[in-house]
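**Q** Give me a model of this one.
(one chain, ligands or ions: 1)
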Amino acid sequence: MMYNLCEKMNVNHHKCGKWVVAVNETEMEQLLHLERNGRQSGVEELRMLSKQEIVSQAESHLKASGVLLSPESGIVDAHSFIQALETLSRNRGCEIALQHTLSRMERRAMSYKLTLLAPDQEEMEIESETVVNCAGLNSDRVAEMLLKERLPMDYRLYQSKGFYFAYRGPNLLDSNRLIYPIPEKGVRTLGVHLTIDLNHNIKFGPDKHYMARTDPPNYNFPEDPAELDRIKKRFLQSIQAYFPKIQHENLHPDYSGVRPTRASETDTAFKVGCAGPCLFDEIQCFFLQDFIINEEGPLGFPGLVNLVGIESPGLTASLAIAEYTAALLGYKALDADLS
Ligand SMILES: Cc1cc2nc3c(=O)[nH]c(=O)nc-3n(C[C@H](O)[C@H](O)[C@H](O)COP(=O)(O)OP(=O)(O)OC[C@H]3O[C@@H](n4cnc5c(N)ncnc54)[C@H](O)[C@@H]3O)c2cc1C
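**A** Next comes the predicted model:
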């Protein structure tokens with residue numbers, strides 16, 4: 001779906017392929033499991049690389065007992081992609097109210113009343129039979145506006161911050177592709193991976209740092225050099241598991257992002273995360289949760305769809321999520337431009 005839309009709307013993208021790397025026998029089992037799981041989910045093109053292919057394409061830089069190739073994976077200019085969606089929406093008569101904050105929602109007999117605050121603090125009201133809550137880091141709070149005490153416990157979100165470091169050093173590969181480690185067992189994160197942009201720059205990231213729910217999103221790197229160094233060392237340790245030759249001086253702070261993360265009630269992060277300040281690294285946390293995409297008719301709110309905890313790969317999956325959400329609301333599949 002993504003590639004079709006990018007072609008039709010001239011969105012810059014590159015089908016560069018992805019490697020998932022196992023570094024020992026235990027990880028090999030997980031890699032084979034990943035391959036089976038992918039195939040069962042309909043990803044036919046996955047295949048294990050031969051030892052010869054790995055050596056010829058990654059030379060001696062990569063430590064790998066096995067590599068799973070996903071040839072269909074790729075990268076996209078995310079901003080142009082969103083602009084393309086905006087253009088398609090406006091062409092179909094959508095109005096987009098940027099810089100307006102949803103402050104209240106109320107249930108009416110057959111509809112919902114939404115109150116928005118404009119940048120000049122003037123209130124504006126909208127009435128609609130359907131509402132799709134896709135408020136990212138705030139999606140739990142927006143869901144709570146209607147569900148109130150009926151808000152399921154597992155809709156609660158944490159902010160997890162991920163740093164990216166740019167790589168500058170010797171060539172690592174014969175050609176640019178994405179390289180991922182095996183996802184850590186039981187932890188719902190993909191691990192610190194090698195990612196490239198459309199200008200062929202290499203970055204590694206993201207790691208995962210838990211922020212208290214009440215903290216405003218903060219995208220800065222720590223100012224304290226000792227803390228930055230500590231983060232970098234942990235980061236480097238993750239990378240050196242599969243790129244052992246990469247050194248501290250090859251990595252340079254680049255940017256960070258904050259993801260809406262769901263944790264189960266039994267998680268350490270859940271217990272500690274709500275109370276404490278920014279929690280760096282120390283937490284052993286076991287994420288078992290996936291995205292929530294629920295039509296809330298069963299809770300008494302027909303026509304309301306909550307999308308909660310949509311972190312990566314929410315962008316890649318965005319068109320599929322949209323199609324699924326439309327179907328939940330009884331709308332036909334996406335039109336030809338989007339499929
Ligand atoms: C660093 C980083 C790297 C990522 N890399 C990838 C990747 O490689 N591949 C991938 O597929 N995904 C990736 N993701 C995840 C992807 O960005 C998200 O899954 C996706 O953006 C989710 O889209 P969304 O529309 O649900 O939420 P968002 O993109 O978070 O959009 C939510 C919007 O709602 C607005 N909002 C919130 N509250 C209110 C309110 N009260 N009133 C009005 N508006 C409100 C926000 O301002 C925001 O504009 C990455 C995320 C991060 C942070």
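**Q** alpha carbons only for contacts and neighbour counts from here, please
**A** Noted.
**Q** Now do the phi/psi pair for residue 247.
**A** Taking degrees, to the nearest 10, you get phi -110, psi 160 for the backbone angles of residue 247.
**Q** So which residues of the stretch 51-200 of the chain form helices?
**A** Secondary structure of the stretch 51-200 of the chain (DSSP state H, counting those that start in this stretch): helices located at 51-58, 78-91, 139-147.
**Q** Save those helices as TSV, and put in mean pLDDT, distance to residue 230 and mean neighbour count too.
**A** Formatted as TSV, the helices of the stretch 51-200 of the chain follow (pLDDT from 0 to 100; distance: least, C-alpha to C-alpha, whole Å; neighbours: other C-alpha atoms under 10 Å):
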stretch	mean pLDDT	distance to residue 230	mean neighbour count
helix 51-58	85	29	14
helix 78-91	96	31	14
helix 139-147	96	32	20
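**Q** And these: which comes nearest the ligand?
**A** Smallest distance to the ligand across the helices of the stretch 51-200 of the chain (C-alpha to the nearest ligand atom): 6.3 Å, for helix 139-147.
**Q** Which elements pack onto the closest one?
**A** strand 101-107, strand 131-133, strand 304-308 (3 or more C-alpha pairs under 8 Å, 6 or more residues apart in numbering; DSSP states H and E).
**Q** average pLDDT across the shortest one?
**A** For strand 131-133, the per-residue pLDDT values average out at 98.
**Q** Quick check: buried residues in stretch 161-175?
**A** Neighbour counts using 16 or more other C-alpha atoms under 10 Å place 161, 162, 163, 164, 165, 166, 167, 172 of stretch 161-175 among the buried residues.
**Q** what bridges to the first one?
**A** Think residue 161. Under DSSP bridges, the beta-bridge partners of residue 161 are residue 209, residue 258.
**Q** need the residues of the stretch 51-200 of the chain near the ligand, please.
**A** 100, 101, 102, 103, 134, 135, 136, 137, 138 (C-alpha under 6 Å from any ligand atom).
**Q** Save those as a markdown table, and put in neighbour count too.
**A** As requested, these are arranged in a markdown table below (neighbours: other C-alpha atoms under 10 Å):
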| residue | neighbour count |
| --- | --- |
| 100 | 17 |
| 101 | 15 |
| 102 | 17 |
| 103 | 12 |
| 134 | 18 |
| 135 | 18 |
| 136 | 18 |
| 137 | 22 |
| 138 | 17 |
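**Q** Show me which of those is closest to residue 68.
**A** residue 136 (31.2 Å; C-alpha to C-alpha).
**Q** Please verify my assumption that the closest one contacts residue 306.
**A** No - if you go by C-alpha atoms under 8 Å, residue 136 and residue 306 don't touch, sitting 10.5 Å apart.
**Q** rewinding a little: deepest of the helices and strands packed on helix 139-147, which one?
**A** Mean neighbour count (mean count of other C-alpha atoms under 10 Å) peaks for strand 304-308 among those, with a mean of 24.
**Q** What are the buried residues along the helix or strand just after that one?
**A** Next in sequence after strand 304-308, counting helices and strands by DSSP states H and E, comes helix 318-328. For helix 318-328, a neighbour-count test (16+ other C-alpha under 10 Å) marks 319, 320, 321, 323, 324, 325, 326, 328 as buried.
**Q** Between helix 78-91 and helix 318-328, find me the angle.
**A** Relative orientation of helix 318-328 and helix 78-91, computed by axes from the mean of the first three to the mean of the last three C-alpha atoms, to 10 degrees: 30 degrees.
**Q** hmm, back to that, I'd like the buried residues of helix 318-328 laid out as JSON lines, including pLDDT.
**A** Listed next are the buried residues of helix 318-328 as JSON lines, based on pLDDT from 0 to 100:
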{"residue": "319", "pLDDT": "94"}
{"residue": "320", "pLDDT": "93"}
{"residue": "321", "pLDDT": "95"}
{"residue": "323", "pLDDT": "93"}
{"residue": "324", "pLDDT": "94"}
{"residue": "325", "pLDDT": "96"}
{"residue": "326", "pLDDT": "94"}
{"residue": "328", "pLDDT": "96"}
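**Q** Make a markdown table from the helices and strands packed on helix 139-147 and add distance to residue 61 to it.
**A** Listed next are the helices and strands packed on helix 139-147 as a markdown table, based on distance: least, C-alpha to C-alpha, whole Å:
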| stretch | distance to residue 61 |
| --- | --- |
| strand 101-107 | 49 |
| strand 131-133 | 45 |
| strand 304-308 | 39 |
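**Q** Let me know which of those strands is the nearest to residue 93.
**A** strand 131-133 (17.0 Å).
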